[in-house]
Each structure stands twice: as structure tokens, then as C-alpha cells.
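*Asks:* next one to model:
(one chain, ligands or ions: 1)
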Amino acid sequence: MYSANPTRYTEMTYRRCGQSGILLPAISLGFWHNFGNVTPEMQSRAIVRAAFDAGITHFDLANNYGPDPGAAEQRLGKFLHDDLSAYRDELFISTKAAYDMWDGPYGSWASRKHLMASLDQSLRRLQLDYVDLFYCHRYDPATPLEETLQALVDIVRQGKALYIGLSRWPYQAAQTGYEYLRQHGVPCLIYQGRLNLFDQAPKHEGILRQAAENGVGFIGFSPLAQGLLTNRYLNGIPADSRMAHDPRFLHADMLTPQVLARIRGLNDLAIQRGESLSAMALSWILSHPEVTSVIIGASSPEQLRCNLDALASPPFTPEQLSAIEDILQ
Ligand SMILES: NC(=O)c1ccc[n+]([C@@H]2O[C@H](COP(=O)([O-])OP(=O)(O)OC[C@H]3O[C@@H](n4cnc5c(N)ncnc54)[C@H](OP(=O)(O)O)[C@@H]3O)[C@@H](O)[C@H]2O)c1
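*Replies:* Sure thing, here's the model as predicted:
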């Protein structure tokens, strides 16, 4: 029988999401990996408990997280039912739709049909009446933006999601989205994009600034570049690492000598700062005032707890920031 750690809110930092009423933990937990049918259920359950016990109130899912697609939602649904049903109102659960989910013309992209049907399926798998946050997972250039956006507004009106988010939308479509959603009384809560030391596109493309200017929060995914920005690959490719056992999105040829040299340079800098590379990588993202939270992945409770050290990282000096730029050149 699980009983939550009574001091779970003492060490986490909570940040306001844009200009909304919502506070999110600076570190959130993602379910893209480690919650599918290939991961032992005990392992996933231990990660979820460690997260909740550390004050991580935000769990990030999507319809297709697995494998198999839907498995992560199903697994969390079971944990919510078994362990966390008494804590539903302490949790902020997001899911998404728009990537490939089922066969036929309605199983993907951002039509009203797909978004509505997919969310209904997600709610069944999660065993929930509503999610806190529903994202359009990607911009669909073939569907009229108004169709997608009105479906998102209607989802909130139906009570199936409390808030709406956009993920991976290009700048101009996001601007149209923010304005449409605001005008229709459902302001966009948050933008989700990849942001880490190796991929700073949302910064360079103005997505971070745009979110702040629109009163929208920003949450960064893959903040550790799927594990590259940790000590995981400093001395080869461990057999239990994502790169070795699940190379769908992270393969060995991404670990080039140049990438390895950057990892080593950043690791040396982290040691000088008195912390781990993962803590430094997360605190660098969190040092951007536009950022509400980072969504980490973790394959063990130990990794998760190690990443919490980022909350106590020292601020970056100008010299350290320019050292980072030099290393990444
Ligand atoms: N919106 C989108 O399109 C989108 C896309 C991708 C992800 N996301 C979201 O972002 C979440 C996080 O993505 P991600 O899993 O790529 O995040 P990540 O935090 O960049 O990478 C997580 C992986 O890094 C390794 N790791 C984590 N902490 C470690 C530590 N302290 N020491 C050593 N290794 C460590 C683990 O890999 P090992 O398995 O090797 O241990 C872990 O599974 C996803 O779950 C999802 O919710 C969203």
C-alpha cells in the first residue's frame, strides 16, 4: 500500500505558468520512455512514486507514448487507480494528440475528428474524467487552423481538459493559435518545445520570447538530450542505456567524436561548478526566465533524484556562460 511522503512539497520549486493561475514544478516527469510494455511495471511504478514523493506534480503524456502506443497512458491509469487516486487533485496531468495513433484517415494530425476521438481514448486509458492539460502535439499544415483551434476550445468547454497547450508549432501558427484561443476565452496555457544545451532552437527562433509576450508558459522537453547531457555516455554506451536498448530516437551514430568532446567539456565545467552534468544541463534551461518547467525522462528513481539537484544549482557566472558557448561552438 503506497502512502505519499508527507514532506513532498518542501524541496520542489513551483513556477507560475505564463500569466495563468497554474504553478508547475520546475521539474516535471515525462512518460515517453520507461512506461511502455517493454519496461517492467515495478520499475515504472517506482519512478512515479519517487516523482510524486519529490513534489513533482506534473506528469506529461501523449496518446502514442509506449510502446505500444497508448501503453504509457494505460500504465499511469493503473498507477493512478492503485496508488494515487486519493491525490488526483494534487496532480497536473497532460496528454496530447496529432501524431500517428490508429489506422485510417482519422488516426493522426489535427482535425477536429482526430483530436476529439483521441482525447476520449486517452481518458479511457488514464481512467480519468478529464486531463488538466491537452496539447495539439504538432502543427497540421493540411487542416484549417480554425478547425484545430476551435476543437481545442470545445474540448475545454466540454470539460474534458482544463487547459490547452501547443507543442512544436512553428512561430507564425503559434501566434495565430495564441490569438484565437485568447479571443475565444480559452487562453493557451503553455508551449512545449525541445530545449537543451545542444538544441536551443526555441531561443533562436523567438518561440521563448513569443510565449512570454503572449502570457504563455514554456516547458522544455528532452532537457538532457535523451541522456547525452549526463554522465551516461562518457565512457562508451552502457547496455542498459536508451541508446543501446531503444535506439528508435537516439542511435549510436549520434555520439560522434565532436558530440563526445562537447559532453566531456560540459562535464568538466559541471565538475568545476561542484555538480553533475545533468544538474547543470537542467539548471541552464531553468535559468531562462521564460521557462516554466523542464520535462525530464528517467529510467530509475535514482536518476530522477539526481536530477533534482538542479534545484539547488548555483547561478551561472558570465564566464561560465561564455565557456559553455565556446564548448558548443
Ligand atoms: N512534445 C514532444 O514532441 C515531445 C518529444 C519528446 C519528448 N517529450 C516529453 O519530454 C519528456 C522527456 O524526454 P526525454 O526522455 O527525451 O528526456 P531527457 O531528460 O532528455 O532524457 C531522459 C533520459 O536520460 C537519461 N537520464 C536521465 N537522468 C539521468 C541521470 N541523472 N543520469 C544518467 N542518465 C540520465 C535516461 O536514459 P537511460 O534510459 O539511458 O537511463 C532517461 O531516460 C518525454 O517523456 C515527453 O514527456 C515531448
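
*Asks:* do you know how far Thr256 is from His204?
*Replies:* Distance of Thr256 to His204, given as C-beta to C-beta, to the nearest Å: 22 Å. To be clear about C-beta, it is placed using only N, CA and C from the backbone, and glycine gets the same treatment.

*Asks:* beyond the helix or strand bottoming out on mean pLDDT in the chain, next helix or strand please.
*Replies:* Ranking every helix and strand in the chain by mean pLDDT, DSSP states H and E puts helix 242-245 at the bottom, with a mean of 95. Next along the chain after helix 242-245, taking DSSP states H and E as the criterion, comes helix 257-272.

*Asks:* in terms of secondary structure, what does the helix or strand that that next one is followed by contact?
*Replies:* Downstream of helix 257-272, the first helix or strand assigned by DSSP H and E is helix 277-286. On a contact count with 3 or more C-beta pairs under 8 Å, 6 or more residues apart in numbering; DSSP states H and E, helix 277-286 meets helix 257-272, strand 291-296, helix 301-307.

*Asks:* got these as TSV, with distance to the ligand, mean pLDDT and mean neighbour count columns?
*Replies:* TSV is the format used below for those (distance: least, C-beta to the nearest ligand atom, whole Å; pLDDT from 0 to 100; neighbours: other C-beta atoms under 10 Å):
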stretch	distance to the ligand	mean pLDDT	mean neighbour count
helix 257-272	12	98	15
strand 291-296	4	99	25
helix 301-307	4	98	18
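
*Asks:* tabulate the ones you listed (a markdown table), appending distance to Tyr130.
*Replies:* Shown next, in a markdown table, are those (distance: least, C-beta to C-beta, whole Å):
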| stretch | distance to Tyr130 |
| --- | --- |
| helix 257-272 | 40 |
| strand 291-296 | 20 |
| helix 301-307 | 26 |
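
*Asks:* specify the stretch among the ones you listed that is closest to Ala117.
*Replies:* strand 291-296 (25.2 Å; C-beta to C-beta).

*Asks:* tilt between the closest one and helix 277-286?
*Replies:* Strand 291-296 and helix 277-286 are oriented at 150 degrees to each other (axes from the mean of the first three to the mean of the last three C-alpha atoms, to 10 degrees).

*Asks:* before we move on, the earlier item: and the least confident helix or strand of the chain, anywhere near the ligand?
*Replies:* Yes: Helix 242-245 lies within reach of the ligand by C-beta under 6 Å from any ligand atom, at Arg242.

*Asks:* tell me the buried residues in that helix?
*Replies:* For helix 242-245, a neighbour-count test (16 or more other C-beta atoms under 10 Å) marks 242-243 as buried.

*Asks:* please apply the same query to stretch 277-295.
*Replies:* When neighbours are counted by 16+ other C-beta under 10 Å, the buried residues of stretch 277-295 are found to be 277-286, 290-295.
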